[in-house]
Structures are given as C-alpha cells and as structure tokens.
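**Student:** build the 3D model from these lines:
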Amino acid sequence: PGSPTPGPTMSRAQLLRGGAIAIVLLAIWDPVVHREVPSEAIVAVVHGDRGADGVGDRGTAGGADEVADRIADRLATRFTVVRAPFPGASASVYVGRRPSGHPELGPGPVFVVAPEATPRIARIEAPARAPLEGAIELRVTPDDGLTGELELLAGGVPVDRVTLDGTREVRLAHTPTEAGPLVLELRGPEFRHALVVEVEEAGTPILFHDGRPSWMSSFVRRAAEQDRTLAITSRTVTAPALATTGGPAPPTLTAPGALEGYRLVVTGAPELLTPAEAEALERFARRTGGSILLLLDHFAPGPWESLAGVRAWANRAGEEGLPEVSLLPRGEPAPGGRPLLATELVWPEALPLDARVIASDEEGRPVIWERPLGAGRVVVSGALDGWRFRDPGEHAFEPFWLELLGEMAARTPPPIWIEIGEGARAPTRVVLGEIALAGEGSSEVEARVVGAEGEEERLALWPTGVPGELEGRLPGTLPPGVHRIEVEAGGAQAVRHFVGGARSASVAPPGADDRVLASWAAATGGALVEEERVAMAVGAALDPERRREPWHPFRSPWWILALALLLGAEWWGRRRAGLR
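**Tutor:** A predicted model of the protein is given here:
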C-alpha cells in the first residue's frame, strides 16, 4: 500500500526518453534534405589608378581610394566584397580612369566609376645621361587646365622656371658644370618630382673613318668638333700607307675590339669599304646596338650596299648647272627657317620596308634615310654636295647634322642598361648588351643596391623571357637620398643613381575619357555609372539564382543540447516521482 503507482508521470518519462532515443537514431542515420538557396555573389572592388608602388591616385576629386572604400562598404551589406581583382567574382566595380589597369578581372560585368580628376602633370621626359656642359632638357606635359609656376632645381638651387598655361608642353633646361649624379627636382602647384641624371665627364664617343679625304665627312666632322658634348676621334686615309688621325682612332675597323666603346661610326667615302670592313660595321650595329652613318659624296657600288640594304639607285648628279634642291627634314622646314640645300642627289629606287625617311627633297624622294640593322641602325645620306651649302647665317647644314649626330649617338645603348621603375614596388629592368653577354663570366650577373650612407644590399634579378633582359625589385623601404644600383656582367659594369623615397607619386597616370570607359564597361556587360548608383546597378545585374544543395539537419550541434534537455527532463521527472 505504501509503494508509488506509475501513472501519467511514467508516460511522460517514457515520452522524453523516446525523444532522446529518436534523436540518437536519426543522428546515426544522418538523413539528407535537399533545399533551394540563393547563390552567394562575390563582388570585387578594384582601385584601377594605383601606381606601381601600390599608392593610390590622390589627385582625383575626393580621392579614388576613398571612393573605392565607400563603394565597398555599401556593397558589403548585400554581397561578399573582395578589395582586389578576383577571377571568380560575379561582378567587378572598377574605380579609376585606366581601363587596362587590371586585366585579371573576373569574367562578370565590370561597372566603372570614374572620379573627376584634378589637373596634374601627365608626363615628364628627361634623359638618363647627359654630357658635361651639355644642356639637359626636360619636357613636361601637364593635364589640361593645370596652371601655375613650375620650377626646376638642380642640387636644391633654382635654375629655370616656366609658367603652365594648362594647354601645352613646356620645357626646362639646365647645363651641368660637374660630372656625377645630378639631382633635379621639379616643383609646381601641389606637385614635386625628383630624378637623377648621370652627368658624364667625357663627351659621347664618335668615330669618323674615311677611306679617302671626303669633303662631306670633313665638314660634318668639323661641325661636330665644335660641340663639347661630343668626343670625336677620326682617321682619314690620305695615301696607301699614310693616314691622318685625330685622337686614339683605331688603325682599322676589322681589328678585334676596334669599335668597342663608340656610340656612332661615321664613314666618309663608303664605296671604299672592303667586305671585311662592311662586315665589321654590321657586327658593330647588330651586337652593340651602335649607329652607322654613311656619308656619300660620290656614288659607286660596293660592299657598303649590304649595310644600306639597297641594290637599285637613282641619282641626280654629274651634270653642269644643276639647280639647288631644298631638303625637308622629316617633311618640315629645316631648323631655324634656314634651308638645307644640295644639288647632286642619290636615292634608292625602292626604300627597304623597314626604312624611315629623315630628309626628302620637294618631290618626296628620300635623300637621307635610316633603317634598323639588328639592335642598331644605319643612316644613309645621298646629299652628295650638301657640304657646299654650309654658311651658318644662311644654311641649316651645321644645326641639322649636329642634331642628327646627337640623336643617333644617344639612341645607342651602353653595354648594360639599367631602367628603374617608378615606385617602390615597380620592377627594375637590366638589359645586357651583346658585349656583356659575350664577355667572360657572362653566366653570372651581380647586382646590388648601395644606399646613400654606403650600405649595400644584394638585388636579386631573374629573367623576363626576353634574351639578355632581367628584372628585380628594389627594397620597399628606402630612406630619402641618392642611392645607386651597380650591375656587373661579362666584364662590363653599369651604375645608375636614383632618388629614394616617394619620387613620383604626383605624376598622374594616363587616363581615358568617359567614352572609352563606357565602351570598355559595356563590352563586359557592365556600364559606366555614378558612385551613388553603383549598388543599384550591381544588384540589378546580379539577380540571385537559386540552387539545390544537400542539407544534413542532424549534424547541427544544437541537437546535442536538445538531447541533453530531454534526458535531463526525464531524469528530473523520475526523481520527483520517487523513482530511481
């Protein structure tokens, strides 16, 4: 009579226990349920106007970095946002004005937001090297609308100043008085740019080699000797066993290393070149990238024609009373408005396909022209008696030939060329010429960065896929000051100085107008949109597609809590009923 009677309490306990057992059995079975869910869209927000050092263009109104941040925050409430180019993105938002900035964007539509850019400097052209006491000219192209004073400083001292009118290219110049690295700085309205020019004490080396006395070559050489930026050496054969030399000229063109170190070889009377000499000049052009100038004052066939690449010629020569002919350099009047004249002319009946006309007569016949030859080039002058018209007050003979000689010599690369990219993370390119590649130890290239205080750090270089071309990256944290890169290969050496720190963050990257940006965006299925409408445009383009995916409901950790609650409730009920 005193024992408890299991009634409704026991039924409740059994129910709770049965629920717990059911949860365990279902967890062991692990049933699968298929359900439809919307796909998760990924949107890449990319700042396309970042420089090579990763620094954004702060010349845009409001800052393009800030625009990209605001767009990313706005889209993050609806999509998964990636702040970098992502090939798997469903869509991309491109903030900038350079459509080719990130070719690795995903296949989805691209929506372009182009911030309004404030006028800045678009381009700066400056020589990497310059001769001592030779003018260094900088060409500065501003964006339309940029106005104000632009000042050039050399070694911290103002040396030139121009006024930007917002429409045209301006030029600033400085003549160095000391050899070595020269730091030039441009300062303008909210603008600073520093660069280094290597000032070389010796002039540009040019060799004049004449197989006989040549009037044309002699007067071109005399004009060149007046230019202190050119280092002229010459050799003129005056008799079978006699020659007149000026400077340490090689006795023959065919001797090993005879042309090494020269940027330009000028040959008067080229019809006297032997096959071996013509072959030596061709090797000079092909291997070192050197330039060759063939100055004809008498036409006769010979091995020199292989350098010109022409076999059939026409001429206007050998007649009495020929009228003067004006030559038009690159189709325009000669320098200073003075004419460039000749009476006797020779020109090819058909120019080589890769030739470029330097000066033609009024009927368009190519009298002075050039063609590439391997890594170098050959210029042929058919103005046989152009030397007769050289009065400096009336004719353009001297300025024309000085400009052409300087241009040809400047285009000849050194044995090792170092090209420093703008920005701390931009690649630095090292190009090895044939001399460096063929020299001893050419399999090893040593490069290092020497800091302003003399500290050294190895610069790792790796091939780019182009023969003789290597690239590396400068250390990311270089203090302000003048640093240098030293490269050694095949017995050749090269040094290039540069300014540490932010050198050119204020030079605006090239941009495109709205029509180009709109066409590019439309080609991807996107559009050129305003910042305020980009979220709406992306949302309309990414209509979420529903997909079926498997779902295992009993793999949820919440079932452990439910199991514990059921067992705990069953145990508590039994305790209250006096059961054990």
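**Student:** what's the helix or strand for the nearest residue to Phe79 once chain neighbours are set aside?
**Tutor:** Of all residues not flanking Phe79 in the chain, Val43 sits nearest, at 4.5 Å (CB to CB, 6 or more residues apart in numbering). (Glycine included, C-beta is placed from N, CA and C.) Using DSSP states H and E, Val43 maps to strand 42-47.
**Student:** who's in contact with that strand?
**Tutor:** Here strand 42-47 makes contact (CB atoms under 8 Å, 6 or more residues apart in numbering) with 56, 64-65, 68, 71-72, 75, 79-86, 88-96, 101-102, 105-106, 538, 542.
**Student:** for the stretch 401-550 of the chain, what spans make up the strands?
**Tutor:** 416-419, 427-432, 445-450, 456-458, 462-463, 469-473, 481-489, 492-500, 527-528, 546-551 (DSSP state E, counting those that start in this stretch).
**Student:** most packed of those strands?
**Tutor:** Mean neighbour counts were taken over those using mean count of other CB atoms under 10 Å, and the top value, a mean of 21, falls to strand 427-432.
**Student:** and that one, what does it pack onto?
**Tutor:** Strand 427-432 is packed against strand 416-419, strand 445-450, strand 469-473, strand 481-489, with contacts defined by 3 or more CB pairs under 8 Å, 6 or more residues apart in numbering; DSSP states H and E.
**Student:** at 6 Å instead, please
**Tutor:** strand 416-419, strand 469-473 (3 or more CB pairs under 6 Å, 6 or more residues apart in numbering; DSSP states H and E).
**Student:** I'd like the distance between the spatially most central residue of the chain and Arg390.
**Tutor:** Residue closest to the average C-alpha location in the chain (CA atoms, centre = their mean): Gly421, at 7.3 Å. Look at Gly421 and Arg390: by CB to CB, to the nearest Å, they are 44 Å apart.
**Student:** for Val33, same thing?
**Tutor:** 97 Å.
**Student:** who has more neighbours, those two?
**Tutor:** Arg390 (18 against 10; other CB atoms under 10 Å).
**Student:** helix/strand/coil for that one?
**Tutor:** coil (DSSP: H, G, I helix; E, B strand; the rest coil).
**Student:** what about the strands in the stretch 251-400 of the chain?
**Tutor:** Secondary structure of the stretch 251-400 of the chain, counting by DSSP E, counting those that start in this stretch: strands at 264-268, 291-295, 313-316, 325-329, 340-342, 345-348, 356-360, 366-373, 376-381.
**Student:** rebuild these as JSON lines, extending it with mean neighbour count.
**Tutor:** As requested, the strands of the stretch 251-400 of the chain are arranged in JSON lines below (neighbours: other CB atoms under 10 Å):
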{"stretch": "strand 264-268", "mean neighbour count": "26"}
{"stretch": "strand 291-295", "mean neighbour count": "26"}
{"stretch": "strand 313-316", "mean neighbour count": "15"}
{"stretch": "strand 325-329", "mean neighbour count": "19"}
{"stretch": "strand 340-342", "mean neighbour count": "24"}
{"stretch": "strand 345-348", "mean neighbour count": "22"}
{"stretch": "strand 356-360", "mean neighbour count": "19"}
{"stretch": "strand 366-373", "mean neighbour count": "21"}
{"stretch": "strand 376-381", "mean neighbour count": "25"}
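**Student:** and the ones you listed as CSV, adding distance to Asp143?
**Tutor:** What follows is the strands of the stretch 251-400 of the chain, written out as CSV (distance: least, CB to CB, whole Å):
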stretch, distance to Asp143
strand 264-268, 37
strand 291-295, 36
strand 313-316, 48
strand 325-329, 31
strand 340-342, 37
strand 345-348, 43
strand 356-360, 31
strand 366-373, 34
strand 376-381, 34
